[in-house]
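Student: following is a predicted model, sequence given first.
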Amino acid sequence: MVLDFSKATKQQLFTIIQENCPITYKYRAVFEFQKRKEKDISRKISRFKNKAAYSDKTYYLGG
């Protein structure tokens, strides 16, 4: 049986961590949580990359 952790919901991942599952499934579930967290952080950074703090002004660095 092959599980696709990237398509699992948060609730499914929590269930894998809490239930009596093989330890490799638990590691994969935790890894998936970490990957999603890093992806969300990356989105937030890239969304505000060229925005000045506390305003909607756009700025560009010379280069």
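Tutor: Cool, the structure landed.

Student: so for the longest helix along the chain, what's the average pLDDT?
Tutor: In the chain, with assignment by DSSP state H, the single longest helix is helix 23-47. Taken as a whole, helix 23-47 has a mean pLDDT of 85.

Student: any buried residues in that helix, and which?
Tutor: By neighbour count on 16 or more other CB atoms under 10 Å, the buried set for helix 23-47 is 28-29, 32. The way it works is simple: take the backbone N, C-alpha and C, and place the C-beta from them, glycine included.

Student: same deal with stretch 7-16?
Tutor: 8, 13, 16.

Student: got a list of contacts for that stretch?
Tutor: 5, 25-26, 28-29, 32-33 (CB atoms under 8 Å, 6 or more residues apart in numbering).

Student: quick one: the residue nearest to L3 when sequence neighbours are not counted from D40, how far?
Tutor: Of all residues not flanking L3 in the chain, Y25 sits nearest, at 6.9 Å (CB to CB, 6 or more residues apart in numbering). Separation of Y25 from D40 (CB to CB, to the nearest Å): 23 Å.

Student: kindly report the same for P22.
Tutor: Relative to D40, and taking CB to CB, P22 is found at 28 Å.

Student: now swap in Q34 and tell me
Tutor: Q34 is 11 Å from D40, where distance means CB to CB.

Student: repeat that for D4.
Tutor: For D4, the distance to D40 - CB to CB - is 20 Å.

Student: which secondary structure state does I17 sit in?
Tutor: helix (DSSP: H, G, I helix; E, B strand; the rest coil).

Student: is it correct that it is in contact with Y27?
Tutor: No: contact criterion CB atoms under 8 Å: I17 and Y27 do not qualify, at 9.7 Å.
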